[in-house]
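**Student:** quick one: sequence plus predicted model below, questions after.
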Amino acid sequence: MKKKLLIIILILILIIPIPFHLKDGGTIEFKALLYQVSKVHKLNSNSPSGYDNGIIIKIFGIKVFDNVGENTMNNNDNKNSIIESNYKDINFDLTKRQVTLNNGDIMPLNGLGTYSLTGDTCYDAVSSALSTGVRLFDTAYMYGNEEEIGKAIRDSGIPREEIFVITKIYPSQFNDPESAIELALKKLDIDYIDMMLLHHPGTNDVEAYKAMEKYVGMGKIHSLGLSNWYVKELKEFLPQINIAPALVQNEIHPYYQENDVIPFIQNLDIVVQGWYPFGGRGHTSELLNNETITKIADNYHVSGAQVILRWNLQKGVVVIPGSSNPTHIKENTDIYGFELTPDEMQEINNLDRNEKHDWY
Ligand SMILES: NC(=O)c1ccc[n+]([C@@H]2O[C@H](COP(=O)([O-])OP(=O)(O)OC[C@H]3O[C@@H](n4cnc5c(N)ncnc54)[C@H](OP(=O)(O)O)[C@@H]3O)[C@@H](O)[C@H]2O)c1
């Protein structure tokens, strides 16, 4: 009996996302400390698609399986990809701090990410961001905080049309997408959803996207997008749908730059938005204190966080840093008063390690 109970507890620890608090103030799922399975995309100039897909498995932080091998990218591939990008064509306006999406809607260039912010912490963070001038919010069914975000927006008294809310439905919802969309509308309770994304590819994703298209027709969702879709996935998915995604949201930070994927997406007239700009909780100290980042930050009397966000903007990538700290939230909006030189941009580009910090 005891043995059975122990096995059940062990299985629960291995599957349930129990938060574990880290020294740098962030949280990480406890199971991620025990094991991590990461889907990786490594650039490979010899591969027909331009990159290889693979899996890396780590147990107690030690790599026990890697079927992709060493990074096959060289700095020239990296540099050329950036030069080929024509993101300026998609009306990425640093002066107005907004981008015009491919459907004509306008979205701010910086927002607040709300992953792992729940309850009063989430309500307070969104209220603080709104009073600081932030008008873009990123949430998801999985974050369990759509109600708090909707309430903070309603309580702010700011006209609804000035605020842009992105939410996402999860693959576990793809078999009944209409209920998932109705649930998001009900929880947010802000009349309509500015943009809805599929959280990551999964069974029935085309059907789920088509359900979102139906809600665009009804005026309940204004724009559509995808999250965690890369070159191969986009090539397969796009021919099967009717409304082009306006945005793709993927992991992007100096240690995982996606310099092959970003121009590919932008050249389709789709805006790129980066998640984990500071590497995500558990990795932020390492990134924010990186020598190259802090050296560049000193040149402009700004923080490492601001340099990373500015580097994203200058690549045409919209930023949604997460924070519950009003000082950080404000600091993360103050990214329009300095400009990184091409050399500084390249120095940060050179930090790429193809090091993914989450598995999607
Ligand atoms: N589509 C997807 O699959 C996906 C996956 C993950 C995340 N996301 C989205 O992307 C957003 C961003 O990712 P994230 O929030 O997980 O990670 P992140 O933005 O990379 O890092 C958040 C961490 O950085 C700290 N931080 C924020 N501003 C700071 C500053 N100026 N100085 C120092 N530390 C600072 C925060 O602490 P404080 O609270 O103390 O400021 C928090 O611990 C999420 O919130 C979510 O909306 C999407």
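**Tutor:** Ah, there it is. Residues are numbered from 1 along each chain as shown.
**Student:** and residue 201, how many neighbours?
**Tutor:** 18 (other CB atoms under 10 Å). Every C-beta, even on glycine, is put in place using the N, C-alpha and C of the backbone.
**Student:** spit out the contact partners of it.
**Tutor:** 171, 228, 229, 233, 237 (CB atoms under 8 Å, 6 or more residues apart in numbering).
**Student:** out of the residues you listed, the closest to residue 286 would be?
**Tutor:** Residue 286 has its nearest neighbour among the contacts of residue 201 in residue 228, at 22.7 Å by CB to CB.
**Student:** any idea how far residue 170 is from the residue nearest the centre of the chain?
**Tutor:** What sits nearest the mean C-alpha location of the chain, by CA atoms, centre = their mean, is residue 275, with 2.3 Å. To residue 170, residue 275 is 15 Å away according to CB to CB, to the nearest Å.
**Student:** do residue 95 as well
**Tutor:** Counting by CB to CB - residue 95 and residue 170 are separated by 36 Å.
**Student:** one step back: among the contacts of residue 201, which lie within helices?
**Tutor:** Among the contacts of residue 201, the members falling in helices (DSSP state H) are 233, 237.
**Student:** check the contacts of residue 201 against the ligand, which are close?
**Tutor:** residue 228 (CB under 6 Å from any ligand atom).
**Student:** which of the contacts of residue 201 sits closest to the ligand?
**Tutor:** residue 228 (5.3 Å; CB to the nearest ligand atom).
**Student:** what ranges do the helices span in the chain?
**Tutor:** Counting by DSSP H, the helices of the chain are 2-15, 30-34, 75-84, 119-132, 146-156, 177-188, 205-217, 231-237, 261-266, 284-288, 291-300, 304-314, 326-331, 342-349.
**Student:** burial measure for the residue of the stretch 201-350 of the chain found nearest the ligand, as a count.
**Tutor:** Residue nearest to the ligand within the stretch 201-350 of the chain: residue 322 (1.9 Å; CB to the nearest ligand atom). Per other CB under 10 Å, the neighbour tally for residue 322 reads 24.
**Student:** does it really touch residue 112, like I thought?
**Tutor:** Yes: taking CB atoms under 8 Å as the definition, residue 322 is a contact partner of residue 112 at 7.2 Å.
**Student:** up against the ligand, what does this protein have?
**Tutor:** 25-26, 113-115, 138, 199, 227-228, 249, 275-281, 284, 288, 303, 305, 320-325, 328, 331-332, 358, 360.
**Student:** which ChimeraX command selects the buried ones in these?
**Tutor:** Entered in ChimeraX, the line below selects the buried ones among the residues of the chain next to the ligand, by 16 or more other CB atoms under 10 Å:
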select :26,113,114,115,138,199,227,228,249,275,276,277,278,279,280,281,284,288,303,305,320,321,322,323,324,328,331,332
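**Student:** in strands, which of the residues of the chain next to the ligand fall?
**Tutor:** 113, 138, 227, 249, 275 (DSSP state E).
**Student:** want to try CSV for these, with pLDDT as columns?
**Tutor:** Below are those laid out as CSV (pLDDT from 0 to 100):
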residue, pLDDT
113, 98
138, 98
227, 98
249, 98
275, 98
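**Student:** buried stuff in stretch 234-254?
**Tutor:** 234, 237, 241, 243, 245-254.
**Student:** for it, output the C-alpha coordinates as CSV.
**Tutor:** What follows is stretch 234-254, C-alpha atoms only, in CSV (Å, rounded to 0.1, in the frame of the first residue of the first chain):
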residue,chain,number,x,y,z
LEU,A,234,4.5,27.5,-40.8
LYS,A,235,5.2,26.1,-44.3
GLU,A,236,2.8,23.2,-43.5
PHE,A,237,0.2,25.2,-41.6
LEU,A,238,-0.3,28.4,-43.7
PRO,A,239,-1.7,26.8,-46.8
GLN,A,240,-4.5,25.2,-44.7
ILE,A,241,-6.0,28.3,-43.3
ASN,A,242,-8.0,31.3,-44.6
ILE,A,243,-6.9,34.3,-42.5
ALA,A,244,-3.2,34.9,-42.4
PRO,A,245,-1.8,35.1,-38.9
ALA,A,246,-0.9,38.7,-38.0
LEU,A,247,1.7,37.6,-35.4
VAL,A,248,3.9,34.7,-34.4
GLN,A,249,5.1,34.7,-30.7
ASN,A,250,8.2,32.6,-30.1
GLU,A,251,11.0,32.3,-27.5
ILE,A,252,13.6,35.0,-28.3
HIS,A,253,16.5,36.2,-26.1
PRO,A,254,20.2,36.8,-26.6
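**Student:** run the chain-centre distance for it.
**Tutor:** Relative to the centre of its chain, stretch 234-254 is centred 13 Å away, using CA atoms, centre = their mean, to the nearest Å.
**Student:** and the gap between residue 305 and residue 133?
**Tutor:** Residue 305 is 17 Å from residue 133, by CB to CB.
**Student:** one more: residue 298?
**Tutor:** 26 Å.
**Student:** likewise residue 335?
**Tutor:** Distance from residue 335 to residue 133, by CB to CB: 12 Å.
**Student:** show me what contacts the closest residue to the ligand within the stretch 1-150 of the chain?
**Tutor:** At 2.3 Å from the ligand, residue 113 is the closest residue in the stretch 1-150 of the chain, using CB to the nearest ligand atom. Going by CB under 8 Å, 6+ apart, residue 113 touches 138, 275, 320, 321, 322, 323.
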